[in-house]
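>>> Coordinates for the following, if possible.
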Amino acid sequence: MIVLIDQQALKFLEELTNSFGPSGFEKEPSRIVKQYMNKYADSMYTDKLGSLMFSKKGSAESPVILLPGHVDEVGFIISSINKNGFLTFNPLGGWFDQVLLGQRVWIRTEDGIIPGVIASKPPHLLPADERSKVVVKQKMFIDIGAANEEEAKDMGVRVGNPIVPDSCFSTMTKRVFKDGKKKGTDMLAIGKAFDDRIGAFIACEVIRTLSEKGIKHPNTVVGAATTMEEVGLRGARTAAYAAKPDVCLTLEVDIAGDVPGIEPSEAPTKMGGGVAITTYDSSMIPNQGLLEFVISTAEKSKVPYQLSGMAGGGTDAGAVHMVRAGCPSLVLGVPTRHIHSHVGILSLSDAEAAVKLIVEVVKKMDKKTVDGFTAL
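Here you go, the predicted structure:
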């Protein structure tokens, strides 16, 4: 059952994921985080790429534990307006062409937000040999209902306007069965931008928990709502430079492998199976001492966890672990179905497990422990 993720947290998560913030345009979600954390953080500051840091000091200023979760979402940016009023676009982050056609989007203009739909030439008018082929982004356009270029511009549209999926947050509760037996209930979240506002949400809830429960910890915890991860881990570099972390626990989604067509060797974690602890990805091999410490803490605290690994992909940890003289780093994730699409699905019990595990880790992570991660 959901315990830590109460109605206040759910309301925050809904507002955060519904907010408009593709890479390079993250002010709205960052302000939502700032407003929420104002009550719980001891201090807040930003870097010059817009990443927001919020800290909670324990009994010692060091070690500094950085908890980054990026608040940018995959989106698009307008590249042209043709004479008939249709818009072409470039991606902000990675998109699979097949998830785009027929989807609603929101376009932010100087006059406000207007709706649109991603479309292409109707299949009825395509030659037979083209109907079975994937329509690529370059052959798609966004229809905002304009009849010509002048009408589109009158709506406030211009080259450079950002675009996000039109998708609203919702939840559903289901009964959980294992080996044919009922094992309680779970709450699922459905919506956009879980990659990676669920990570920023977890960082916030960790600091909220430390603050509200008065939990003692021998370190300083710095949450970070980082920017522009989807276009090259950009905000993570500047955020880590500003925060000067001794340890980094990057908070992310993990690709849930419990959907048709995925082998366990490709994506081993399952939605509802616990927090994902990433053993490697293409951007970083974690510090092994830190990895073993977190696994041991999960087992001693009886927090459900899953081991994960990806041959491709990367996270903010890929940038943070190489900042300054280096930083022992690890990625903790929430298994999520259908990332980089208009609608993802995740289990809030996995998010809760992540919060619980990080709180337990923070309680034990003193200077001696951290120094041991890099001792020879």
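>>> Give me the mean pLDDT for the strand ranked longest in the chain.
Ranked by residue count under DSSP state E, the longest strand found in the chain is strand 181-191. Taken as a whole, strand 181-191 has an average pLDDT of 94.
>>> try stretch 274-290
Averaging pLDDT along stretch 274-290 gives 96.
>>> May I see the buried residues of stretch 64-80?
Buried residues in stretch 64-80, counted by 16 or more other C-beta atoms under 10 Å: 64-78. (Glycine included, C-beta is placed from N, CA and C.)
>>> Determine how far the last residue of that stretch lies from the first.
One end of stretch 64-80 sits 45 Å from the other (C-alpha to C-alpha, to the nearest Å).
>>> gap between that stretch and the chain center?
Taking C-alpha atoms, centre = their mean, to the nearest Å, one finds stretch 64-80 lying 8 Å from the centre of the chain it belongs to.
>>> looking at it, residue 54 is touching residue 206, isn't it?
No - contact criterion C-beta atoms under 8 Å: residue 54 and residue 206 do not qualify, at 10.6 Å.
>>> Which one of these two is surrounded by more residues?
For residue 54 versus residue 206, neighbours defined as other C-beta atoms under 10 Å are more numerous around residue 206 (28 against 24).
>>> Quick check: chain neighbours aside, which residue is closest to the more buried one?
Leaving aside its chain neighbours, residue 206 sits nearest to residue 358 (4.9 Å; criterion: C-beta to C-beta, 6 or more residues apart in numbering).
>>> Okay, buried residues for whichever strand or helix holds the one you found please.
Per DSSP states H and E, residue 358 falls inside helix 348-364. By neighbour count on 16+ other C-beta under 10 Å, the buried set for helix 348-364 is 348-363.
>>> before we move on, back to that, which one among the buried residues of stretch 64-80 gets closest to residue 40?
Distance to residue 40 across the buried residues of stretch 64-80 (C-beta to C-beta) is lowest for residue 67, with 13.1 Å.
>>> got the contact list for the closest one?
Counting by C-beta atoms under 8 Å, 6 or more residues apart in numbering, residue 67 makes contact with 202-203, 206-207, 221-224, 248-251, 358.
>>> want to throw those residues into JSON lines with secondary structure?
Below are these laid out as JSON lines (DSSP: H, G, I helix; E, B strand; the rest coil):
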{"residue": "202", "secondary structure": "helix"}
{"residue": "203", "secondary structure": "helix"}
{"residue": "206", "secondary structure": "helix"}
{"residue": "207", "secondary structure": "helix"}
{"residue": "221", "secondary structure": "strand"}
{"residue": "222", "secondary structure": "strand"}
{"residue": "223", "secondary structure": "strand"}
{"residue": "224", "secondary structure": "strand"}
{"residue": "248", "secondary structure": "strand"}
{"residue": "249", "secondary structure": "strand"}
{"residue": "250", "secondary structure": "strand"}
{"residue": "251", "secondary structure": "strand"}
{"residue": "358", "secondary structure": "helix"}
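>>> how about the helices in the stretch 251-376 of the chain?
Here the stretch 251-376 of the chain has its helices, by DSSP state H, counting those that start in this stretch, at 288-301, 317-320, 348-364, 367-372.
>>> packing partners for the shortest one?
Counting contacts by 3 or more C-beta pairs under 8 Å, 6 or more residues apart in numbering; DSSP states H and E, helix 317-320 is packed against strand 64-70, helix 234-243, strand 247-255, strand 329-337.
>>> Which among these is found nearest to residue 38?
From the helices and strands packed on helix 317-320, taking C-beta to C-beta, the stretch that ends up closest is strand 64-70, at 17.3 Å.
>>> Touching the next helix or strand after the closest one from outside, list them.
Once the chain leaves strand 64-70, the next helix or strand it forms, by DSSP H and E, is strand 75-81. Strand 75-81 is contacted from outside by 22-23, 25, 87-93, 95, 105, 107, 142, 149, 152-153, 157-165, using C-beta under 8 Å, 6+ apart.
>>> which residues in the stretch 51-200 of the chain form strands?
Along the stretch 51-200 of the chain, counting by DSSP state E, counting those that start in this stretch, strands occupy 52-57, 64-70, 75-81, 87-92, 104-109, 112-119, 141-143, 162-165, 170-178, 181-191.
>>> most tightly surrounded among those?
Burial of the strands of the stretch 51-200 of the chain is given as mean neighbour count (mean count of other C-beta atoms under 10 Å); strand 64-70 ranks first at a mean of 28.
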